[in-house]
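no letters, just coordinates:
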């Protein structure tokens, strides 16, 4: 089995080293194509307005001046001799749950693998908080990911599905359960802008996380991680809201309206 690894934390990230150890528990045919620098929060971004540079670090290890999506496209189309059988993206430093998945570069790497018809899995390790001195429990992802991935590969996947694995902020001995979850949504978005002032009196902003404690519904990825369980969520890219499609067909089907109807 040929496995392609990517991430959004960059080619030098500890999580990518952990992912490589996970992959080598499954196969000896492992390739790495990851961003040269961190690309967190870039989602499914493509680099379209500047050239991409590829640095070959080793025979099967490449750094790319682009996003995780760029990396998977280049690896599959140009850098690898044959299409991989599996794409693993991560292990991200910090979980990717709830609405995180819509802007996660880690999930985006897996989505691009899925777009090529390759079974793809995103992996993330939850953190206590986002500070440089905080060390993630990489050993937790390493302890459980190979077995979970093996079981997933033994199942039939529906077309267009990627698997999103999140490991709780606990050591392996404190984790006793895996839960298949749905994507949750937070009551209040965690992202906000912190305004600061530079030495010339000009305002600038840092994007940050509020980190507010919330109660989340049972069965969601948010609740599983809160309670120390491994979360496995099947995701797909179809964003169509079918209930609205049916409702809109009643008012917009047929010839397009010519008159402007002002709302009351």
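Ah, there it is. Computed from a predicted structure; not experimentally measured.

how close does residue 251 sit to residue 257?
Counting by C-beta to C-beta, to the nearest Å, the gap between residue 251 and residue 257 amounts to 9 Å. From N, CA and C alone the C-beta is placed, and that goes for glycine too.

correction: residue 223
Taking C-beta to C-beta, one finds residue 223 at 45 Å from residue 257.

same thing with residue 43?
The separation that residue 43 has from residue 257, given C-beta to C-beta, amounts to 35 Å.

compare neighbour counts for these two and give me the winner.
Looking at residue 43 and residue 257 with other C-beta atoms under 10 Å, you find the greater number of neighbours at residue 43, namely 18 against 9.

pLDDT weak spots in this structure?
Counting by pLDDT under 70, the chain contains low-confidence residues at 130, 188-191, 209-212, 264.

ok, longest helix in it?
Using DSSP state H to assign secondary structure, the helix with the most residues in the chain is helix 138-153.

partners of the helix or strand that that one is followed by in the sheet?
Scanning forward in sequence from helix 138-153, with DSSP states H and E defining helices and strands, the next element found is strand 161-167. Sheet partners assigned to strand 161-167 using DSSP bridges are listed as strand 119-125 (parallel), strand 230-236 (antiparallel).

contacts for strand 161-167 next, please.
Applying C-beta atoms under 8 Å, 6 or more residues apart in numbering, the contact partners of strand 161-167 are 90-91, 95-97, 101, 107, 110-111, 113-114, 120-126, 137, 140-141, 144-145, 148, 152, 157, 175, 183, 221, 224-225, 230-236.

quick one: the strands in the stretch 151-264 of the chain?
161-167, 178-180, 191-197, 203-209, 230-236 (DSSP state E, counting those that start in this stretch).

turn these into JSON lines, including distance to residue 71 and mean neighbour count.
JSON lines is the format used below for these (distance: least, C-beta to C-beta, whole Å; neighbours: other C-beta atoms under 10 Å):
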{"stretch": "strand 161-167", "distance to residue 71": "16", "mean neighbour count": "26"}
{"stretch": "strand 178-180", "distance to residue 71": "28", "mean neighbour count": "16"}
{"stretch": "strand 191-197", "distance to residue 71": "24", "mean neighbour count": "10"}
{"stretch": "strand 203-209", "distance to residue 71": "23", "mean neighbour count": "10"}
{"stretch": "strand 230-236", "distance to residue 71": "19", "mean neighbour count": "20"}
